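> whatever this is, show me its structure:
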Amino acid sequence: EKLDLNDSKWEDIHVITGALKMFFRELPEPLFTYNHFNDFVNAIKQEPRQRVHAVKDLIKQLPKPNQDTMQVLFRHLKRVVENGEKNRMTYQSVAIVFGPTLLKPEKETGNIAVHTVYQNQIVELILLELNAIFGR
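Residues are numbered from 1 along each chain as shown. Okay, here's the model as predicted:
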């Protein structure tokens, strides 16, 4: 569908951000695919010096469209954080908003709270280490 983003109905930034989140939430499979969920969780549990390398290697194992989409999305989210003085979004707040949407297990277990912590940490790490993970 063609959209005119200059239309007044799109003036509320929450409508656009909500649509972006909904797009990723409603994908048949999350951007970080189901079969890699535990691998990403294990990667974030590693020693801090090893995490970036482990996450970068896992991203390279994802399907190419996922990698490309992830790179564009995270570069955009990094710009959001860089404008934090205006929008009050920090690395942590963006990670809290997008972590559970982009990365989730196929079947929820009793570890939802624990998963949420790891989901947020993974997204925050990628935002903080964007250039190391995706290059310039």
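> need the longest helix for the chain.
helix 64-82 (DSSP state H).
> figure out how far it is from the centre of its chain.
8 Å (Cα atoms, centre = their mean, to the nearest Å).
> which element follows it toward the C-terminus?
Using DSSP states H and E, the next helix or strand after helix 64-82 towards the C-terminus is helix 84-87.
> could I get the average pLDDT for that next one?
For helix 84-87, mean pLDDT is 94.
> same for that helix, what does it pack against?
Using 3 or more Cβ pairs under 8 Å, 6 or more residues apart in numbering; DSSP states H and E, no helix or strand is in contact with helix 84-87. To be clear about C-beta, it is placed using only N, CA and C from the backbone, and glycine gets the same treatment.
> and that helix, how far from the chain's centre?
Counting by Cα atoms, centre = their mean, helix 84-87 comes out at 19 Å from the chain centroid.
> avg pLDDT for the helix or strand following that helix?
The element immediately downstream of helix 84-87 (helix or strand, assigned by DSSP H and E) is helix 91-102. Across helix 91-102, pLDDT averages out at 96.
> buried ones in the longest helix of the chain?
66, 69-71, 73-74, 77-78, 80-81 (16 or more other Cβ atoms under 10 Å).
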